[in-house]
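Chemist: what's the 3D shape of this:
(2 chains)
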Amino acid sequence: MKIYVPGDSAAISVGADEVALAIAEKVNGATIIRNGSRGALWLEPMVEVETDKGRTAYGPVSVADIDSLIAADFMHGGAHPLSLGESEKIEWLASQDRVTFKRVGIIDPLSLADYEAHGGLVGLRRAISMHSSEIIEEVTQSGVRGRGGAGFPAGIKWKTVAGAVSDQKYMCCNADEGDSGTFADRMLIEGDPFTLIEGMTIAAIAVGATQGIVYLRSEYPYAIKILQKAIDIAHAFGWLGSSVLGSDFAFDLKIRVGAGSYVCGEETAMLESIEGKRGVVRAKPPLPALEGLFGKPTVINNVLTLSTIPAVMADGADAYKARGVGRSLGTQVFQLAGNIKRGGIVEKPFGISIEEVVNGYGDGTLSGAPIRAVQIGGPLGAYFGTDKFETSLDYESMLAAGGMLGHGGIVVFDDSVDLAQQARFAMAFCALESCGKCTPCRLGSTRGVETIDLIIQGVKVDENKKLLLDLCEVMTDGSLCAMGGLTPMPVKSAMINFPEDFTGEVSRR
Amino acid sequence: MKYSTWSQEAAFAVLATLREEKGAVLMALQALQKEFGYVHQEDVALVANFFNNSRADVHGVLTFYHDLLTEPPTENQISVCVAEACQAVGSRALEKDLKAKFGKEVHDGYCFGNCALGPSAMVNGALLGRASVDSIAKARK
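Modeler: All right, here's what the predicted structure looks like:
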């Protein structure tokens, strides 16, 4: 009898390990599989049992529920107050369009047999049989854009690296998912690590890289463990190493663990950090594609970009680009976070509205109070009020609305939020995390905190607001990377969309 | 967590495992901290000599990264997420209460990727979701 208890760290954070232990102790003959999470995080720990009808789910399960679950014969799908019915028919999940996340929560993350049984390695095997230029053409045609936030077409980046001549090229995966409100990289790595490895292998073959590095943040200890195990399994299987699946291609893969620096999620700072140095941003050009890690041509992609590649290669560019809107093709893995009743992973084609994600899937706030603001795209993304909820979630529409899609994280706040405090935090976070290279970012962020404090205290409010906007302009125009360049986005959007919080009057409402 | 007692020989033994690594200074400091609990002052010169870097470079790396400690860690390590998603569910108040109760054990964290189940905290390496002062107190040693 197979019983699935997620080993995803979010599930573990609300007791999945204890539940797994209790089931192992009390249910005779149970084979417990620690799958990833299906992404309905408010239902975690979500326990599934395999029955003749398929998998049946219960959640959220706590250790105290195990006895009553056993009494209800949950091992055979028996009815129970926590019963969620057949897993595949849970509306919240069934209505999604899972491409990048299609195996997450379904398979045993560390079973290669399970991975292959669910379509794994099909894309890589096809790529091996193709010419490098054909792989790049397929990826370009699919329209896949960089999921880290910049949205740069993956195929074009690959083409630049493929065209560079060098004795050594690198394939780097940026898994420094530091944006608050984002957790898709982590869940993908914990729930389906072979997909990332497959995507990296395809990218490496396409551009001619033989060394791969995953830069994974230290705040994700569970993901580090799972990915290392998956890499070891792939080596033992003859997937990674001197001959990829028996082909002439060689590809080795290593993890480098970050050390608690947000700016190292910026690609050039990441390269410096992998080289063992301070994570100080580099000027571009030269592009990392031509002079990247250790000065060699380097292709850098986000976890989600790379994890989407196997599906593109397996099903073809046409199937992928059939989804989405305008120039935002395919699906986006939205992450619904913060003060939200039903938070988690919502993978849908680009073009779904904020309203559909936040109220449709999220069902409003956890606190029950009205939603006042959402921040989309991480700490450098804009704050929107509910008046912007009809905005389509795609790269172009978000830009036009004065925000950005970023890595697809949506953080929800109820009516207790003070947007002046949020703006202050954006500046304070920048002051803490700035690498120090550009003066507007290094000093401007501290001046920004001071100026917002004066506004909050009601000191020369109009003058200081003008000063703050001027400072934002200098930071935007005078910083090399997105840290200093985009910190003004949450600040300015808060000022523009929530002016009532910047009047200097203590009791706003 | 139990750490080894620092000695120059023991530190060299850690560094020797990284001899073949390219760009190993950060990795070396991380490895030393893992073994001995924090980076000792003497480590800076050792690492610099071992990897043929300047002491200034190594000091620069040591002081750049929030993870790297230059003093012995407290017995319990509590990191509470104070980033936006957790702020939205009360992490500012939680942080204040935790600091009042557990003092130097408590550090600010910036996102553990558990943003739908906040407030989040990491206690001695274990992730807690929907964290409270009580649940964190229970997770302490």
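Chemist: mind checking how far the nearest residue to A:C264 once chain neighbours are set aside is from B:K34?
Modeler: Spatial nearest neighbour of A:C264, chain neighbours left out: A:G279 (4.1 Å); criterion: Cβ to Cβ, 6 or more residues apart in numbering or on different chains. C-beta here means a position set from N, CA and C on the backbone, and glycine is covered the same way. Using Cβ to Cβ, to the nearest Å, one obtains 20 Å as the distance from A:G279 to B:K34.
Chemist: more neighbours, those two?
Modeler: A:G279 (27 against 12; other Cβ atoms under 10 Å in any protein chain shown).
Chemist: so what pLDDT did that one get?
Modeler: Looking at A:G279, its pLDDT reads 98.
Chemist: Mind checking what secondary structure A:S367 has?
Modeler: coil (DSSP: H, G, I helix; E, B strand; the rest coil).
Chemist: And the closest residue to it other than its chain neighbours, how close does it get to A:I345?
Modeler: Nearest residue to A:S367, sequence neighbours excluded (Cβ to Cβ, 6+ apart): A:D414, at 4.9 Å. For A:D414, the distance to A:I345 equals 22 Å [Cβ to Cβ].
Chemist: and if you look at B:F50?
Modeler: 44 Å.
Chemist: neighbour-wise, which of these two wins?
Modeler: Higher neighbour count among B:F50 and A:I345: A:I345, with 29 against 20, using other Cβ under 10 Å.
Chemist: The more buried one: what's it in contact with?
Modeler: A:37-41, A:101, A:104, A:184, A:187, A:333-336 (Cβ atoms under 8 Å, 6 or more residues apart in numbering or on different chains).
Chemist: 7 Å instead, please
Modeler: A:39, A:101, A:184, A:187, A:333, A:335 (Cβ atoms under 7 Å, 6 or more residues apart in numbering or on different chains).
Chemist: ditto for B:V39
Modeler: Shown in contact with B:V39 (Cβ under 7 Å, 6+ apart): B:29, B:32-33, B:62, B:68-70.
Chemist: give me every residue that touches B:M27.
Modeler: Per Cβ under 7 Å, 6+ apart, neighbours of B:M27: A:276, B:18, B:21.
Chemist: What subset of those residues is buried?
Modeler: Listed as buried from the contacts of B:M27 are A:276, B:18; burial here means 16 or more other Cβ atoms under 10 Å in any protein chain shown.
Chemist: Now name the helix or strand holding the residue lying closest to A:K102 once chain neighbours are set aside.
Modeler: Closest residue to A:K102 in three dimensions, ignoring its sequence neighbours and counting by Cβ to Cβ, 6+ apart: A:A311, at 7.0 Å. Taking DSSP states H and E as the definition, one finds A:A311 inside helix A:303-315.
Chemist: Would you mind listing which of the contacts of B:V39 are buried?
Modeler: Among the contacts of B:V39, those buried by neighbour count (16+ other Cβ under 10 Å) are B:29, B:32-33, B:62, B:68-69.
Chemist: Mind putting those into CSV with pLDDT, secondary structure and distance to A:A79?
Modeler: Shown next, in CSV, are those (pLDDT from 0 to 100; DSSP: H, G, I helix; E, B strand; the rest coil; distance: Cβ to Cβ, whole Å):
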residue, pLDDT, secondary structure, distance to A:A79
B:L29, 98, helix, 56
B:L32, 98, helix, 56
B:Q33, 98, helix, 52
B:L62, 98, helix, 59
B:L68, 98, coil, 53
B:L69, 97, coil, 52
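Chemist: Take those and write them to CSV, including distance to A:V461.
Modeler: Shown next, in CSV, are the buried ones among the contacts of B:V39 (distance: Cβ to Cβ, whole Å):
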residue, distance to A:V461
B:L29, 46
B:L32, 50
B:Q33, 46
B:L62, 42
B:L68, 41
B:L69, 42
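Chemist: Relative to chain A, which of those is nearest.
Modeler: Nearest to chain A among these: B:L68, at 6.1 Å, using Cβ to the nearest Cβ.
Chemist: Now the residue of chain B found nearest chain A: which helix or strand?
Modeler: Nearest to chain A in chain B, going by Cβ to the nearest Cβ, is B:A116, at a distance of 2.7 Å. Assigned by DSSP H and E, B:A116 belongs to no helix or strand.
Chemist: so it sits right up against A:A337, yeah?
Modeler: Yes - with contacts counted by Cβ atoms under 7 Å, B:A116 reaches A:A337, the gap being 5.0 Å.
Chemist: which residues do these two both contact?
Modeler: Joint contacts of B:A116 and A:A337 (Cβ under 7 Å, 6+ apart) are A:G343.
Chemist: how about the strands in chain B?
Modeler: B:78-81, B:106-109, B:121-123, B:126-128 (DSSP state E).
Chemist: Export those to CSV and append columns for distance to A:H118 and mean pLDDT.
Modeler: Putting the strands of chain B into CSV (distance: least, Cβ to Cβ, whole Å; pLDDT from 0 to 100) gives the following:
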stretch, distance to A:H118, mean pLDDT
strand B:78-81, 33, 98
strand B:106-109, 34, 96
strand B:121-123, 32, 98
strand B:126-128, 27, 98
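Chemist: and the ones you listed as TSV, adding mean neighbour count and distance to chain A?
Modeler: Below are the strands of chain B laid out as TSV (neighbours: other Cβ atoms under 10 Å in any protein chain shown; distance: least, Cβ to the nearest Cβ, whole Å):
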stretch	mean neighbour count	distance to chain A
strand B:78-81	26	8
strand B:106-109	19	7
strand B:121-123	25	7
strand B:126-128	21	4
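Chemist: A:A283 falls within a strand, correct?
Modeler: No - using three-state DSSP, the assignment for A:A283 is coil, not a strand.
Chemist: quick one: which helix or strand includes A:A373?
Modeler: strand A:371-376.
Chemist: outside of the next helix or strand after that strand, which residues touch it?
Modeler: The first helix or strand that comes after strand A:371-376 along the chain, using DSSP H and E, is strand A:383-384. With contact meaning Cβ under 7 Å, 6+ apart, strand A:383-384 is reached by A:373-376, A:403, A:419, A:422, A:490, A:493-494, A:497-498.
Chemist: ok and the residue in the stretch 301-450 of chain A nearest chain B?
Modeler: A:G343 (2.7 Å).
Chemist: What is the neighbour count of the closest residue to that residue other than its chain neighbours?
Modeler: Among residues not flanking A:G343 along the chain, B:A116 sits closest, at 2.7 Å (Cβ to Cβ, 6+ apart). The tally of other residues near B:A116 (other Cβ under 10 Å) stands at 31.
Chemist: Lovely, talk soon.
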